[in-house]
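Asker: Give me a 3D structure for the following:
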Amino acid sequence: MISRLNTKHVTFGDCLKLFTSAPRSTPWLVLLLICSLASLAWSQTLLPKESTDYCVAIRGNGELASAHWGAFAKTLETFGTPVGAAGGSSASITVFLFESMLSNPIVAALDTTEKKEALALLFKALEPLVSKVGHDSRFEEALVGLRMIQGEITAPPLQGFLAILAHLQNPTILKSTLSKLEAALRSLQDSQILNGPAIQRLSRDITQLQQKFSIDQLNLVFAEVNDIKKSLAVFGKFNAKDDNQLFIRDGVLNFEALTNSFGALADFLSLRNATPAATLAFQSFRNACGSQTVGLNWEAIMTLKPECQNHLNQWVASYLPNYVPQANSRLHDPIGQTLSVITSTAIIQGDSVEKFKNIKAQYQRTFSSDLGVDMNVVKDEDLKFGYWGRLTDLEKMKSLLDPKIDKNSRFLSLGTQPWNKILAYSPAEPGLSAFLEYENVISMGGWSDLHPIPALKAIGCKNVVYLTRKQGDSDFCDGVAKRLLGMPELGWDFLEKDPANQADFLKTNLKNALGNEDTSSLWGRFFNIKNPESSFAHSLKLADAVVCTNWNAFDIKTDFHAMIDEAYQAPIFNRSNLPVLELPAISSPQLRFLKPSDYQTKSIDGIPVFAGCIN
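Answerer: Numbers count the residues shown, from 1 in each chain. All right, here's what the predicted structure looks like:
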């Protein structure tokens, strides 16, 4: 009989229904006891205090990184403030910003309740900060960086450059348009963030062409122009299936400048070197909008407390006019200064380093479309998964990660580094950047570990909350791994990106979401959700709670606000029944929990709706 009560949501009305619907022969004392026990179970999962000792693992998601903000805000309001965090790729930026928020001296001094409220408010405030450019060009530059990592090629300098590129159909037209092209390149260089390796090389070679004209140099510049056209055409698409030059084509983004832009935002959030006026403005923002906005997304905040936007604007206006990057910028802080943080990048080592460097050098001389097709590592063990963090945490990972799990067996410590070095590599994934040389190895970005739950468990996190999205593991990661490791068991037809090719597109989603009996191949050991010892399934099983967003359903260019809102509303699979904090009655939306049986819910195509969140 107790199974008729949902013990996660027991109310007086539920008990009344039980009393009125129970057989008359049931003793009322038994009914009272059942209802009391169920109510007690629910009260013990909604304790008005902080959850203890939980860490947050975040799935990197490339251009959709802003979805993290909504999911993280709801996680803070639901479970309290985490004591550790992990994430690679775009999630490395998210954990950097989170650590910066914790470094804010006002936030650090708050009690546990006020702290999680202030942190949730700061994540919500990122949405209007990005939507409405602030009062200072330096802050605008930081926001351009966020937009570019999201895949929006809308910056005015880049639009002008694209307009010129569209007309360059042959070397003759190029020759007559060199002065206009050079002027457009200067605009990109002025923006810094858009002055990536491809732009720098083109600018250098145009200068050489003008100093000493030759047909060979003209043809080289024309080839570079076409290469940039292709780079921009696939920018942020993360398509490992169709892009043979994915690993070796230089991008338009300057990741060093991009990192500096995130540093400016981090300094702002942390009040690094803030004036008394800026500190007071933040205090006013928090006091007016902290506890009063718990349970509300930014749209609801604007309806109920529109003055919060004014307080935010005043904080921006008081901080940024006086902002100059200093030697003690957050970027120069070592990872893990405030809490345990782990972030990652894929590493190529051994004989594969020279092989890859040679192919890239040949491509940059010839731009031949035949190059880049064969980018398999020389040996399987040449692919490692590198991690940055506190040295003590990395030692624990090395000792305690289960080596039977493929990704764990590839562990490589990258030590403790400052954030400016980490953020120049982890977000620089194929599709945004060519591979980068890192000391004596090669970095290929943080796609390698998108479910870093085992890493957090290994460093001592008792409980881990995982911020992720529905569906099986990433087809982009499938494709990158296939290009590096071969994976003959995974045909390219299973990596179709275009929904118009419905049959192949469905194959991709079904294979990753449903899995199969393959436990021995590389795909089976990496991605197979049905294999309990695959990297994906093993990691997901270790998660104590999963915030299950649907961010893949959104186009960042048109659905920016809707995506953040959906992530804030996302249901939670609370596998370990972690204590959760009661939200105010005005919460928008109300908290939703998933049950293990919800995995059986299937879409019209037969794909489990909550695959990737429940296993």
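Asker: Buried residues, stretch 573-584. List them.
Answerer: The neighbour-count check on stretch 573-584 (16 or more other Cβ atoms under 10 Å) flags 573-575, 578-581, 583 as buried. Every C-beta, even on glycine, is put in place using the N, C-alpha and C of the backbone.
Asker: and if you look at stretch 230-246?
Answerer: In stretch 230-246, counting by 16+ other Cβ under 10 Å, buried: 231-232, 234-241, 243-246.
Asker: Shouldn't residue 464 be within a helix?
Answerer: No - according to DSSP: H, G, I helix; E, B strand; the rest coil, residue 464 belongs to no helix; its state is strand.
Asker: could you pull out the helices for the stretch 351-500 of the chain?
Answerer: Ranges of helices within the stretch 351-500 of the chain are 352-366, 391-400, 406-409, 419-422, 453-458, 475-485, based on DSSP state H, counting those that start in this stretch.
Asker: Tell me which of these is the most buried.
Answerer: Ranked by average neighbour count under the criterion mean count of other Cβ atoms under 10 Å, the helices of the stretch 351-500 of the chain are headed by helix 453-458 at a mean of 26.
Asker: pLDDT of that helix, averaged?
Answerer: Averaged across helix 453-458, pLDDT comes to 98.
Asker: That one packs against which elements?
Answerer: If you count contacts as 3 or more Cβ pairs under 8 Å, 6 or more residues apart in numbering; DSSP states H and E, helix 453-458 packs onto strand 54-58, strand 84-86, strand 340-348, helix 391-400, strand 463-469, helix 535-542.
Asker: Partner strands of the first one and their direction?
Answerer: The sheet places strand 54-58 alongside strand 84-86 (parallel), strand 463-469 (parallel), with pairing taken from DSSP bridges.
Asker: Residue 546: what secondary structure?
Answerer: Assignment for residue 546 (three-state DSSP): strand.
Asker: need the strands for the stretch 501-615 of the chain, in chain order.
Answerer: With DSSP state E, counting those that start in this stretch as the criterion, the stretch 501-615 of the chain has strands at 545-549, 572-573, 593-594.
Asker: The first one: which residues count as buried?
Answerer: Residues of strand 545-549 classed as buried under the neighbour-count rule (16+ other Cβ under 10 Å) are 545-549.
Asker: could you dump these to JSON lines with distance to residue 423 and pLDDT?
Answerer: Output for these, formatted as JSON lines (distance: Cβ to Cβ, whole Å; pLDDT from 0 to 100):
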{"residue": "545", "distance to residue 423": "28", "pLDDT": "97"}
{"residue": "546", "distance to residue 423": "26", "pLDDT": "98"}
{"residue": "547", "distance to residue 423": "24", "pLDDT": "98"}
{"residue": "548", "distance to residue 423": "27", "pLDDT": "97"}
{"residue": "549", "distance to residue 423": "23", "pLDDT": "96"}
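Asker: In CSV, list these along with distance to residue 389.
Answerer: Below are those laid out as CSV (distance: Cβ to Cβ, whole Å):
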residue, distance to residue 389
545, 22
546, 23
547, 23
548, 26
549, 25
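Asker: So which of those residues is the closest to residue 250?
Answerer: Residue 250 has its nearest neighbour among the buried residues of strand 545-549 in residue 549, at 32.4 Å by Cβ to Cβ.
Asker: Which strand residues bridge the closest one?
Answerer: Counting by DSSP bridges, residue 549 forms beta bridges with residue 469.
Asker: secondary structure element for residue 70?
Answerer: When elements are assigned from DSSP states H and E, residue 70 belongs to helix 67-79.
Asker: distance between that helix and the chain's centre?
Answerer: Put simply, helix 67-79 sits 13 Å off its chain's centre (Cα atoms, centre = their mean, to the nearest Å).
Asker: cool, and stretch 121-135?
Answerer: Between the centre of stretch 121-135 and the centre of its chain there are 18 Å (Cα atoms, centre = their mean).
Asker: CA atoms only for it - export them in CSV, please.
Answerer: Extracted C-alpha coordinates of stretch 121-135, given in CSV (Å, rounded to 0.1, in the frame of the first residue of the first chain):
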residue,chain,number,x,y,z
LEU,A,121,22.3,34.7,-8.7
LEU,A,122,25.7,35.2,-10.3
PHE,A,123,25.1,32.3,-12.7
LYS,A,124,21.7,33.8,-13.6
ALA,A,125,23.3,37.2,-14.1
LEU,A,126,25.6,35.8,-16.8
GLU,A,127,22.5,35.7,-19.2
PRO,A,128,21.8,39.5,-19.1
LEU,A,129,25.5,40.3,-19.0
VAL,A,130,26.0,38.5,-22.3
SER,A,131,22.7,39.7,-23.8
LYS,A,132,23.3,43.3,-23.1
VAL,A,133,26.8,44.6,-23.6
GLY,A,134,28.0,46.5,-20.7
HIS,A,135,29.3,50.0,-20.3
